[in-house]
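**Q** need a 3D model of the following:
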Amino acid sequence: MEKIQEIFTDKIDDPVDPMRGELEREALFELSNNIKQNGLINPITVRPIGDRYEVVAGHRRLSACKIAGIIRVQCVVRELDDQKAFEVMAAENLERADVDPVDEANFITRYIAKTGKSVADVATSLKRSVAYVNSRIEVGSMPEYMKEFLKSKQLKLGVALILNQIDDEQTRQLWTGIAVRDGASVAQAEYWLYDYNRQKLPGGTLSTTPPDNFTPDAPQTVMFECALDGEKYDARLFKTLMIYEGNVSAFNEFVFAFREALAKNNSGPAGE
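**A** Numbering: from 1, shown residues only. You can find the predicted model right below:
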C-alpha cells in the first residue's frame, strides 16, 4: 500500500544502509540549484519508521532539497520491510550510470550479512545474474588500492576482476599500477594472469625465497626479463606488446639474430 503526501524534511532520515558510500558535494549543489529553479519533479520514496520516515529512493534528491532550504517535500509513502526496501533502493540506484561497483559491492555485502540471503536470492531480488552478484562480492574483497582505482574510474572492472586472481600481493599491486598507467584492456589483463600462472608451473621463474639483500618492509624493485635482449630491467619500465601466435616463430628468429648481433658488438673486434 502506498500514498503520496507532503512531509517535513526534518522528519525524514537518511537510509540506514545507503547504496552510495558518500554523496558528491559538487553534484549535490548542482542538483540543489536545479530543484530551486524547477522544483522537485519526482517525489521521494520513504517508509514509516515509528513516528519518522526513512528514505528508500531519492536520497540525493532529499539532501539537495535540504541544501535548497525546502522544508516540505512530496513523498511516496510505502509500507516496506527490510528486504522490500533493499529491492526498491537497489532498483533505483543500479539503473544509474554513476554508481560505482565499490558502492554496489559494499551495499550487497552488507545486505547479505544482515539478512543471511543466498547469492541466488539476492540475484533474484536485484533482477541480476548470479555472476553479477558474485563479481560485486569479489570487488568487496579487493585490496583498498584497487577499490580506489575503481571508484576513480582509473581501472576497468573487468581488468580488476582478472588481476585480483593473482595471489601474490606484490605482483598484483605491480600489474594493477601498470594497468592504471597504460589503460590496460581485459585481453591484456588475461595475458598477464596467464603468464603469471604459467610461471608458477614447474620450471617457472617465481620464487618465494627473499634475495640475500632483502630488507623487511623496504620497497623491493621487481625485475622482469626483456623478451628481446634477455636482460633484466625494472618492471615499471615495461610496455605490453601483443603478437599474433602465427608470428611467434618469426619473432623468436628475430630475437635470436638480435642477441647474436648484441653479443658480437659487446665482444669487440676479433683478437682483442
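**Q** enumerate every residue touching Ile166.
**A** By C-beta atoms under 8 Å, 6 or more residues apart in numbering, Ile166 lies in contact with Arg172, Trp175, Trp192, Leu193, Tyr196. Glycine gets a C-beta too; all of them are placed from N, C-alpha and C.
**Q** with adjacent residues omitted, what lies nearest to Glu104?
**A** Arg136 (5.0 Å; C-beta to C-beta, 6 or more residues apart in numbering).
**Q** and the gap between that neighbour and Ile162?
**A** Look at Arg136 and Ile162: by C-beta to C-beta, to the nearest Å, they are 16 Å apart.
**Q** what of Trp192?
**A** Trp192 is 8 Å from Ile162, by C-beta to C-beta.
**Q** repeat for Ser152
**A** Where Ile162 is concerned, Ser152 sits at a distance of 19 Å (C-beta to C-beta).
**Q** if you count what's nearby, which of those two comes out ahead?
**A** Remark: of Ser152 and Ile162, Ile162 carries more neighbours, 22 against 11, as counted by other C-beta atoms under 10 Å.
**Q** element containing the residue nearest to the more buried one when sequence neighbours are not counted, please.
**A** Excluding the flanking residues, the one nearest Ile162 by C-beta to C-beta, 6+ apart is Ala189, at 4.1 Å. Assigned by DSSP states H and E, Ala189 belongs to helix 186-199.
**Q** and that helix, which residues are buried?
**A** Gln188, Ala189, Trp192, Leu193, Tyr196 (16 or more other C-beta atoms under 10 Å).
**Q** now do stretch 172-180
**A** Here stretch 172-180 shows Arg172, Gln173, Leu174, Trp175, Thr176, Ile178, Ala179, Val180 as buried, counting by 16+ other C-beta under 10 Å.
**Q** taking these together, which two end up most distant?
**A** Arg172 and Val180 (12.6 Å; C-beta to C-beta).
**Q** and Val40, which of the three is it?
**A** For the record, residue 40 is Leu, not Val. coil (DSSP: H, G, I helix; E, B strand; the rest coil).
**Q** so what's it up against?
**A** So Leu40 contacts Arg61, Cys65, Ile70, Val73, Gln74 (C-beta under 8 Å, 6+ apart).
**Q** pLDDT at it, what is it?
**A** The confidence metric pLDDT takes the value 84 at Leu40.
**Q** what distance do you get for it to Tyr53?
**A** From Leu40 to Tyr53 the distance is 15 Å (C-beta to C-beta).
**Q** swap in Leu174?
**A** Separation of Leu174 from Tyr53 (C-beta to C-beta): 49 Å.
**Q** and Val55, what does it touch?
**A** Ile12, Asp13, Asp14, Pro15, Ile44, Thr45, Val46, Leu62.
**Q** closest to Val88 out of these?
**A** Thr45 (6.4 Å).
**Q** that closest one touches Val73, doesn't it?
**A** No - Thr45 lies out of contact with Val73 (C-beta atoms under 8 Å); the separation is 11.2 Å.
**Q** those helices in the chain, which residues are they?
**A** 25-38, 59-67, 82-94, 101-115, 119-126, 130-140, 144-151, 157-163, 169-182, 186-199, 248-267 (DSSP state H).
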